[in-house]
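> my questions are about this predicted structure, shown below with the sequence.
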Amino acid sequence: MGEADEMTSRERRNAAWIIVAQSFTKLGDVLINPKTVLTWMLSALGAPGGVISMLVPVRESGSMLPQLFVSGRVKQVRRRKWVYVAGALAQGVAVAAMGLAALLAPPRWAGWLVLLALAAFALARAFCSISSKDVLGRTVPKGFRGRVGGIANTVSGLLSAAAALLLVWRDEAGARLLAMVVLGASLLWVLGAGFYAMVGEPDDGREDGKGGGDAAGWWERLKLVAADDRLRQFVIARSLLLGTALASPVLVVIGRSRSESAWSLAGFVVAAGIASATSSFLWGKLADRAAHRAMAWGGWVSAGVGAAGLLLAWLSPQGADHPAMWPLIFLLFNFGYAGVRMGRKTWVVDAFEGDRRTDAVAASNTVIAAALLVIGGAVAPLQAWSPLAALGFYAAACLVGGAMALKLGAAGRG
């Protein structure tokens with residue numbers, strides 16, 4: 001199992017609070033997903049294509065790039081659950097701003113206002129990303145951490161699949177309905193913050209504002225990627241496995257080009273929920289045993305599904321035009337993404353301890369954010385030429401990334 005065969009009653013309570021809190025916020029993530037819901041909403045509003053194309057890069061890189069600079073501040077906080085709580089509340093405010101902008105602003109301004117609110121959301125998320133890994137490492141023993149995230153993903157996936165049925169019931173995927181969904185989703189972060197505040201994080205004896213360094217040490221933290229061989233290998237593998245995330249909006253673009261109905265959008269949202277609900281717990285169990293294998297197998301699943309989608313498009317154009325086909329491919333592709341996500345989160349938490357974990361998370365995420373912008377920018381012309389070509393590139397990257405992840409070895413091994 002790992003370093004612990006069972007959890008104490010206190011650790012079980014902490015795990016339960018984290019699961020409940022993250023179930024709410026992960027459900028919110030699905031309901032405002034830039035890859036599906038926000039892209040569809042802004043398209044319906046008639047927002048500029050350049051704004052829509054920036055949604056995923058702003059959401060992903062915006063939550064990672066600042067981490068190197070804010071991690072020093074996070075390390076100065078004695079109980080880091082409060083950093084997460086504040087960040088979750090800030091995310092709720094930013095999500096509410098997105099919904100209000102889509103409902104009230106003129107269409108020519110709504111896209112830009114949503115993008116600005118998404119940038120604020122991503123910045124708040126940077127604080128949550130760093131602090132949540134610290135809190136998880138302090139409150140849940142190694143050997144159980146993957147399942148905590150897996151259960152939360154499963155619960156949120158089931159709920160999001162049910163929520164998607166609203167679109168089918170209304171037979172509507174218009175901008176106004178989606179804006180109201182986004183506005184309502186802001187409450188999920190408020191609930192998540194409230195439950196996360198119940199986590200019993202241990203006191204390390206440090207006074208607030210007197211530990212861990214500050215933003216002036218960002219260069220030293222960044223150098224960890226070069227100095228630590230295993231962290232550097234992890235960053236390389238994770239960079240290649242970015243294809244499991246970046247290919248999803250490509251699949252949505254391909255699917256939307258074949259059908260713009262509410263059923264089509266609901267298919268993608270349901271697919272994302274089912275993929276998370278049915279696979280996250282199993283991926284979490286594998287991650288607790290061997291996080292590098294979860295990363296590897298997740299990458300290979302996505303690579304295989306992407307290759308199958310390409311073959312289908314080339315060999316059976318009629319089959320590829322079926323409205324259910326690309327949501328199905330999206331579902332299977334996201335099975336792999338769930339494995340990569342669970343594996344890389346568990347690996348970095350298990351591989352480091354204390355403030356070194358905070359530094360490793362911040363440094364690796366900043367490098368990954370830069371890689372995200374570089375890869376996204378490099379593939380953009382390819383995607384403009386042919387979304388299928390972009391899908392092929394990402395599938396190949398996932399194949400190589402899986403092999404690199406397998407070379408990492410178990411996180412607990414020095």
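Great, that's in hand.

> where does the stretch 101-250 of the chain dip in pLDDT?
160-174, 203-218 (pLDDT under 70).

> now the helices for it?
Here the stretch 101-250 of the chain has its helices, by DSSP state H, counting those that start in this stretch, at 107-139, 145-170, 175-196, 218-222, 224-227, 229-240, 243-256.

> kindly reformat those as CSV containing mean neighbour count.
C-beta: built from backbone N, CA, C; applies to glycine. Listed next are the helices of the stretch 101-250 of the chain as CSV, based on neighbours: other Cβ atoms under 10 Å:
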stretch, mean neighbour count
helix 107-139, 22
helix 145-170, 21
helix 175-196, 20
helix 218-222, 17
helix 224-227, 15
helix 229-240, 20
helix 243-256, 24
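
> from L391, how far off is F333?
F333 sits at a distance of 9 Å from L391 (criterion: Cβ to Cβ, to the nearest Å).

> now swap in A369 and tell me
Here the criterion is Cβ to Cβ. By it, A369 lies 23 Å from L391.

> and these two? Which one has more around it.
With neighbours defined as other Cβ atoms under 10 Å, A369 and L391 compare such that L391 has more, 28 against 22.

> shared neighbours, F333 and L391?
Here F333 and L391 share the contacting residues A247, L251, G306, G309, scored by Cβ atoms under 8 Å, 6 or more residues apart in numbering.

> quick one: residues contacting the residue lying closest to the second one once chain neighbours are set aside.
Think L251. Nearest non-adjacent residue to L251, counting by Cβ to Cβ, 6 or more residues apart in numbering: F330, 4.7 Å away. Counting by Cβ under 8 Å, 6+ apart, F330 makes contact with S248, L251, V252, G255, G267, F268, A271, A272.

> also A237?
Counting by Cβ under 8 Å, 6+ apart, A237 touches M295, G401, M404, A405, K407, L408.

> could you find the closest non-adjacent residue to the fourth one?
Spatially, and ignoring its direct neighbours in sequence, A405 is nearest to M295 (3.8 Å; Cβ to Cβ, 6+ apart).

> and the helix or strand harbouring that neighbour, what does it pack onto?
Assigned by DSSP states H and E, M295 belongs to helix 262-315. Helix 262-315 is packed against helix 9-31, helix 145-170, helix 229-240, helix 243-256, helix 317-320, helix 325-351, helix 387-406, with contacts defined by 3 or more Cβ pairs under 8 Å, 6 or more residues apart in numbering; DSSP states H and E.

> how far does stretch 347-363 sit from the chain's center?
Taking Cα atoms, centre = their mean, to the nearest Å, one finds stretch 347-363 lying 18 Å from the centre of the chain it belongs to.

> ok, V93 to A124 distance?
8 Å.

> then N153?
Taking Cβ to Cβ as the measure, N153 falls 21 Å from A124.

> next: K345.
K345 is 19 Å from A124, where distance means Cβ to Cβ.

> just A287 next, same as before
For A287, the distance to A124 equals 26 Å [Cβ to Cβ].

> do the same with Y196
14 Å.

> now for the two: what residues contact both?
What both Y196 and A124 touch, as defined by Cβ under 8 Å, 6+ apart, is the set A88.

> for R79, grab phi and psi.
phi -110, psi 110 (degrees, to the nearest 10).

> how many neighbours does L388 have?
The tally of other residues near L388 (other Cβ under 10 Å) stands at 18.

> equivalent analysis for the one 10 residues further on, please.
Counted with other Cβ under 10 Å, the neighbours of C398 add up to 30.

> let me know the pLDDT of it.
On the pLDDT scale, C398 is placed at 94.

> which residues does the spatially closest residue to it that is not a sequence neighbour contact?
Distances taken as Cβ to Cβ, 6+ apart place A303 nearest to C398, at 4.0 Å, with adjacent residues excluded. Listed by Cβ under 8 Å, 6+ apart, the contact partners of A303 are G243, G336, A395, A396, C398, L399, G402.

> most widely separated two among the residues you listed?
Across the contacts of A303, the longest distance by Cβ to Cβ is 13.9 Å; it joins G336 and A396.

> my read: A15 touches G143, true?
No. Using Cβ atoms under 8 Å, A15 is not in contact with G143, being 11.7 Å away.

> more crowded one of these two?
Higher neighbour count among A15 and G143: A15, with 22 against 18, using other Cβ under 10 Å.

> quick check: the gap between that one and G284.
Note on A15: its distance to G284, by Cβ to Cβ, is 12 Å.

> need the residues touching each of the two.
In contact with both A15 and G284: V148, using Cβ under 8 Å, 6+ apart.

> pretty sure F121 sits against V95.
Yes. Assessed by Cβ under 8 Å, F121 is found in contact with V95 at 6.4 Å.

> hang on, isn't R59 packed against A117?
No. Judged on Cβ under 8 Å, R59 makes no contact with A117 at a distance of 11.0 Å.

> show me whatever sits in contact with both of the two.
Residues touching both R59 and A117 (Cβ under 8 Å, 6+ apart): there are none.

> pretty sure P107 sits against L45.
Yes. Judged on Cβ under 8 Å, P107 makes contact with L45 at a distance of 5.0 Å.

> which residues does W283 contact?
So W283 contacts G146, G150, A294, G298, A338, G339, R341, M342, G343 (Cβ under 8 Å, 6+ apart).

> same question, A119
Neighbour list for A119: V58, G62 [criterion: Cβ under 8 Å, 6+ apart].

> quick one: it from A237, how far?
Distance of A119 to A237, computed by Cβ to Cβ: 28 Å.

> quick check, G157 in contact with A271.
No. Judged on Cβ under 8 Å, G157 makes no contact with A271 at a distance of 10.1 Å.

> and G62, what element?
Counting by DSSP H and E, G62 is part of helix 55-64.

> that helix: how far from the chain's middle?
On Cα atoms, centre = their mean, the centre of helix 55-64 falls 10 Å from that of its chain.

> same question for stretch 102-117.
Here stretch 102-117 is found 24 Å from its chain centre; the criterion is Cα atoms, centre = their mean.
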